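Q: Attaching a predicted model along with its sequence, questions to come.
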Amino acid sequence: MQHVSKTAEQILPQMNLPFDWQTAVITQFRHEEDGEPYQVWKIQICKEAYILKEAKGYEAEVYTSLLPHLNSVPQVYQITVIEDTTYLLMEYVEGQDLRRCTRPALTLALDALIQIQQATWNNQALAYIGYSFEESLPHRKKRGTYLQDAQLEAAYDRFLSLYVRLPRTLCHDDLLPFNVLVSPDRAVLIDWEYAGLLPYPTSFARLIAHGEESEDAFFYMTEADRQYAISYYYDRLLRDKGISYEEWLHILDYFLLYEYCEWVMIGHRYGNTDSINYKKYIELAKHHAQKLLTDDNL
């Protein structure tokens, strides 16, 4: 049966709410990339605000089983299933996302990620909650089948060998800067649709991989802030795990390659190699792969 999206006005009457929804101001959110509406609404009741959203992927499971009682994720007040679709009533978090990165905001975002990963490092009891490593691996392998370049494929195979053997911790598998909301005193990571115990660089690499120094870039991050993030994450999480800084930099480079290969895969898979993103990322990925293979052969 085809899924039919419901409106907030259809969902709210079927929930056990602490407010009269008919007095609420309801605003639907839109995707950052294309402005299209999606199934997330702000529910404003006088001075109080909530988020209502249709849960995707493993989101409900992740929030209830992996993320309770953490200050770095939104609080979930209610989970309701309506016609096989799950809806979450959540804390509304005031703040700006990280698309225009600043050092203070970046530091709060890193603190939030580190708190989560420190608490779940190599916790095998959580291995099959949410988006498991075993489920993620075929998706990683599939990306490598679309590269159409011998050097890229060789470097990508080395990424896969790392992916299999690295320590695992709770990772948000889509931690792009617009999935971080920053207020003056904390950062909150949102949209945990695909999250689980995955190799530890997964979230961090995605957070920093696509930042550019151009002021009109979709994700703005200076190279100085990028280097700051790499050192900050290492010093506060990885140093005590027996991982050397040189090893960390080398491993991170392979996870950045994985990020760059996303648009290479999209271009080849959908025959869209004329796109701006493909042209940018094929060049970046090939340059990065050459560096990695040269360094490994020294």
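A: Received, thanks.
Q: Averaged pLDDT, the longest helix anywhere in the chain. What do you get?
A: Using DSSP state H, we find that the single longest helix of the chain is helix 245-269. Taken as a whole, helix 245-269 has a mean pLDDT of 97.
Q: And for stretch 137-151?
A: 97.
Q: same deal with stretch 86-102?
A: Confidence over stretch 86-102, taken as the mean pLDDT, stands at 95.
Q: Now do it: distance to the chain's middle.
A: Here the centre of mass of C-alpha atoms in stretch 86-102, compared against the chain's by Cα atoms, centre = their mean, to the nearest Å, lies 13 Å away.
Q: Mind naming the longest strand for this structure?
A: With DSSP state E applied, the strand covering the greatest number of residues in the chain is identified as strand 37-45.
Q: Could I get the buried residue list for that strand?
A: When neighbours are counted by 16 or more other Cβ atoms under 10 Å, the buried residues of strand 37-45 are found to be 39, 40, 41, 42, 43. For glycine as for every other residue, the C-beta is placed from the backbone atoms N, C-alpha and C.
Q: Looking at those residues, spot the one nearest residue 27.
A: residue 42 (4.5 Å; Cβ to Cβ).
Q: Number of residues surrounding residue 98?
A: Under the neighbour criterion other Cβ atoms under 10 Å, residue 98 is assigned a count of 25.
Q: mind listing what the closest residue to it other than its chain neighbours touches?
A: Excluding the flanking residues, the one nearest residue 98 by Cβ to Cβ, 6 or more residues apart in numbering is residue 177, at 3.7 Å. With Cβ atoms under 8 Å, 6 or more residues apart in numbering as the criterion, the residues that contact residue 177 are 97, 98, 99, 101, 207, 210, 211, 219, 221.
Q: what do you get for residue 38?
A: With contact set as Cβ under 8 Å, 6+ apart, residue 38 has these partners: 28, 29, 30, 31.
Q: Which two among the residues you listed are spaced furthest apart?
A: So for those, where distance means Cβ to Cβ, the most widely separated pair is 28 and 31, at 11.0 Å.
Q: what sits in contact with each of those two?
A: Common neighbours of residue 28 and residue 31 (Cβ under 8 Å, 6+ apart) are 37, 38.
Q: Now do the lowest-mean-pLDDT helix or strand in the chain: distance to the chain's middle.
A: Within the chain, no helix or strand scores below helix 59-65, which has a mean of 91 by mean pLDDT, DSSP states H and E. With Cα atoms, centre = their mean as the basis, the distance from the averaged C-alpha position of helix 59-65 to the chain average is 15 Å.
Q: same question, stretch 204-217
A: Using Cα atoms, centre = their mean, the distance between the centre of stretch 204-217 and that of its chain works out at 13 Å.
Q: got it, and stretch 41-50?
A: On the basis of Cα atoms, centre = their mean, the separation between the geometric centre of stretch 41-50 and that of its chain is 26 Å.
Q: got a list of contacts for that stretch?
A: For stretch 41-50, contacts defined as Cβ under 8 Å, 6+ apart pick out 8, 12, 19-21, 23-29, 51-53, 77, 89-92.
Q: From these, list the buried ones, please.
A: The neighbour-count test (16+ other Cβ under 10 Å) applied to the contacts of stretch 41-50 identifies 8, 12, 21, 24, 51, 52, 53, 89, 90 as buried.
Q: Of these, which belong to helices?
A: Taking DSSP H, the ones among the buried ones among the contacts of stretch 41-50 that sit in helices are residue 8.
Q: ok, of the contacts of residue 177, which one's closest to residue 123?
A: Using Cβ to Cβ, residue 207 is the member of these that sits closest to residue 123, with 21.6 Å.
Q: Let me see the mean pLDDT of the host helix or strand of that closest one.
A: Using DSSP states H and E, residue 207 sits in helix 201-209. For helix 201-209, mean pLDDT rounds to 98.
Q: tell me what it is packed against?
A: Packing partners of helix 201-209 (3 or more Cβ pairs under 8 Å, 6 or more residues apart in numbering; DSSP states H and E): helix 103-120, strand 168-172, helix 223-233, helix 245-269.
Q: which residues of the stretch 51-200 of the chain fall in helices?
A: Along the stretch 51-200 of the chain, the segments classed as helices by DSSP state H, counting those that start in this stretch run 59-65, 103-120, 133-144, 150-165.
Q: would you turn the ones you listed into TSV with distance to residue 173 and mean neighbour count?
A: Putting the helices of the stretch 51-200 of the chain into TSV (distance: least, Cβ to Cβ, whole Å; neighbours: other Cβ atoms under 10 Å) gives the following:
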stretch	distance to residue 173	mean neighbour count
helix 59-65	10	19
helix 103-120	13	19
helix 133-144	7	14
helix 150-165	12	16
